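Engineer: Sequence unavailable; structure follows:
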């Protein structure tokens, strides 16, 4: 049972434009959400996170939005750069801190076209 | 930032053979995870350790997979005997209590 879903397997955007990656979840116990970025032959690297008490978190070019009522979050990258081309995984957890497991989506491959 | 070392990076074996993967969360973090990532899917938890103890191994196929974490530092994941469907990247991750996990580069297993 896939509790975190990324329905778009791929996304292509022009350099300098906005990239919007979407994620939906089904488990209402999730209260901490993360985005990871993965390059080929490397492990996932943490990008940005948001707790359920917020609806927006921003870090430089990356902003994550959370809509708890819709069980939906999105990652905005502005402006997109060719180096952002990677697979992006959405992940969710029922805890904010401590020993907790992350549930991952299936990933969205972002291609930024120069 | 936590560093997580994994080896080997790549392994090719035939079905029914055995294989072992090693992980060392360099900074000695208390929580260690093994994830399996099959091509085209997201990482899926196999087992979670807190120090030496197992917190969650509900998704570990215990008839063929085993894992241990001696002395609360490094860990090994073993598969015996391997099946074709075990072909995947095995990711080790460390948690430092802030919510996010730090992953190693992974060990890619191909079972022929």
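Structural biologist: Nice, thanks for sending it over. Keep in mind the model is a prediction, meaning the values are calculated, not measured.
Engineer: where along chain B do the strands fall?
Structural biologist: B:4-7, B:10-13, B:19-25, B:31-37, B:44-50, B:53-56, B:65-68, B:75-79, B:88-95, B:101-103, B:107-111 (DSSP state E).
Engineer: Which elements pack onto the last one?
Structural biologist: Helices and strands in packing contact with strand B:107-111 are listed as strand B:10-13, strand B:19-25, strand B:88-95; criterion 3 or more CB pairs under 8 Å, 6 or more residues apart in numbering or on different chains; DSSP states H and E. For every residue, glycine as well, the C-beta is placed using N, CA and C.
Engineer: Indicate which one of these is closest to residue A:13.
Structural biologist: Nearest to residue A:13 among those is strand B:88-95; the distance by CB to CB comes to 26.7 Å.
Engineer: Run me through the strand neighbours of that closest one, direction for each.
Structural biologist: Each strand pairing with strand B:88-95, determined using DSSP bridges, is listed with its direction: strand B:31-37 (antiparallel), strand B:101-103 (antiparallel), strand B:107-111 (antiparallel).
Engineer: Need the residues that contact the first one.
Structural biologist: Under the criterion CB atoms under 8 Å, 6 or more residues apart in numbering or on different chains, residues A:99, A:101, B:23, B:25, B:43-50, B:55, B:67, B:69, B:75, B:77, B:88-97, B:101, B:103, B:106 lie in contact with strand B:31-37.
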